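Below is the structure, and that's it, no one-letter string:
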């Protein structure tokens, strides 16, 4: 189920579609793959923007998309990719044949991800499906307004939504599928995915995807 979407660990996501191979926040990548047609970064924290791990997935043809506020940091890789594209929340874009939208990602009751930073989640349109990768966010008004077929949401608490609040958000936006992320390693427990699944209401289907919890 949803075999074209992988959660490698934490919030490190790989999606394969007709448009190519897409990574979001590659982190703790185990092999030198260099297969990314697109890389999306949600914000500059080390577990989402890792130069070491980015270099394991990028190639000269890669299009890299980052929040505008961290463009200078991303330009360290400018000569190693085809393009570095800077975006702000609330936009609609197309790059290399891939359509996507940006959604504000910030905390409402925690200090770790301020709204003023203009960090983002993404809605990627892959093979006709709208896939929402929320990034490190709370239950914001922007997140509650998302229309998508698949939602990948953080559930580990501490810095983001916990399982209960993530389930409340999913029950509001009602995607066809929900995939929990951001738990079991840096934040949250390995059981948070199941806790989240137990709280999500039908007809939404929850699919746990994290491949490994141990960080190298």
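Yep, it's here. None of the values given here were measured: they were computed from a predicted structure.

and the end-to-end length of stretch 95-113?
26 Å (Cα to Cα, to the nearest Å).

roughly how far is it from the heart of the chain?
Mean C-alpha position of stretch 95-113 versus that of the full chain (Cα atoms, centre = their mean, to the nearest Å) differs by 8 Å.

Break down this protein into its helices, ranges please.
51-57, 71-74, 141-144, 163-173, 192-199 (DSSP state H).

which residues of the chain score low on pLDDT?
Along the chain, the parts satisfying pLDDT under 70 run over 109-111.

How about the contacts made by the residue nearest the centre of the chain?
The centre of the chain sits closest to residue 133, judged by Cα atoms, centre = their mean, with a distance of 3.8 Å. Contacts for residue 133 (Cβ atoms under 8 Å, 6 or more residues apart in numbering) come out as 13, 24, 40, 42, 121-124, 152. C-beta here means a position set from N, CA and C on the backbone, and glycine is covered the same way.

could I get those as a markdown table with distance to residue 82?
A markdown table is the format used below for the contacts of residue 133 (distance: Cβ to Cβ, whole Å):
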| residue | distance to residue 82 |
| --- | --- |
| 13 | 21 |
| 24 | 18 |
| 40 | 14 |
| 42 | 20 |
| 121 | 23 |
| 122 | 18 |
| 123 | 22 |
| 124 | 18 |
| 152 | 25 |
